[in-house]
Structures are given as C-alpha cells and as structure tokens.
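Participant: A predicted structure for the sequence below; I have some questions about it.
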Amino acid sequence: MYTIISRNQCNFCDQAKALLEGANKEYVEYNIQEETSAWLLYILKHSSITTVPQVFNENGSYIGGYRELKDWLESNAARPVQRERTEQT
C-alpha cells in the first residue's frame, strides 16, 4: 500500500491520489492538517521536506511529490512483466 502525506486544498495532492486510483494502487493518506497527523507535521518541519504531497511506495521507499510519482508509475508501467519460464519435459 502506498502512503501519501497531504494537506487540505492541495491540487497536487488530489492529482497524486487520482494517479494512484487510476493505476489501481491502494494508498493510505495522512493529512498534516488533521489532528491525528500532527506528529507528521512535526517531522516534516524538522526535515528538508517543505512541500506536499510526499509519496512512498508499498515498500516504504520514498518516491517524491506528484511529478516524481507520475514518472515512477509511468516507468514501472513501461517495464515488461517477467513471467516464470516453465520447462516442458
């Protein structure tokens, strides 16, 4: 499951969520303006991250913002799916 850090009235946040939904990717959202995500706002303020959205993939690896997510999804969609070879004897 992907993770999106967002805020209210954020067009890029909405677009990032739409990209994931369009790619049938599940995600959890943490809105830094909600009381339950106040801890996350503290972390962001004390790091070099100054914008939202911030997106992490299902393995917890950092992707970036909307543009990086778009590029990441496009590059992964372009990769051929490797199928296991079955040997016939």
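Facilitator: On my side now, so go ahead.
Participant: for residue 15, which non-adjacent residue is spatially closest?
Facilitator: Among residues not flanking residue 15 along the chain, residue 66 sits closest, at 5.4 Å (Cβ to Cβ, 6 or more residues apart in numbering). All C-beta spots, glycine's among them, are computed from the backbone N, C-alpha and C.
Participant: scratch that, residue 70 is what I was asking about
Facilitator: residue 19 is the one closest to residue 70 (Cβ to Cβ, 6+ apart), at 6.0 Å.
Participant: and the gap between that neighbour and residue 36?
Facilitator: 24 Å (Cβ to Cβ, to the nearest Å).
Participant: where do the helices sit along this structure?
Facilitator: Using DSSP state H, the helices found in the chain span residues 11-22, 38-45, 66-78.
Participant: JSON lines for those helices, including distance to residue 60, mean neighbour count and mean pLDDT?
Facilitator: Formatted as JSON lines, those follow (distance: least, Cβ to Cβ, whole Å; neighbours: other Cβ atoms under 10 Å; pLDDT from 0 to 100):
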{"stretch": "helix 11-22", "distance to residue 60": "15", "mean neighbour count": "16", "mean pLDDT": "97"}
{"stretch": "helix 38-45", "distance to residue 60": "15", "mean neighbour count": "12", "mean pLDDT": "87"}
{"stretch": "helix 66-78", "distance to residue 60": "14", "mean neighbour count": "14", "mean pLDDT": "90"}
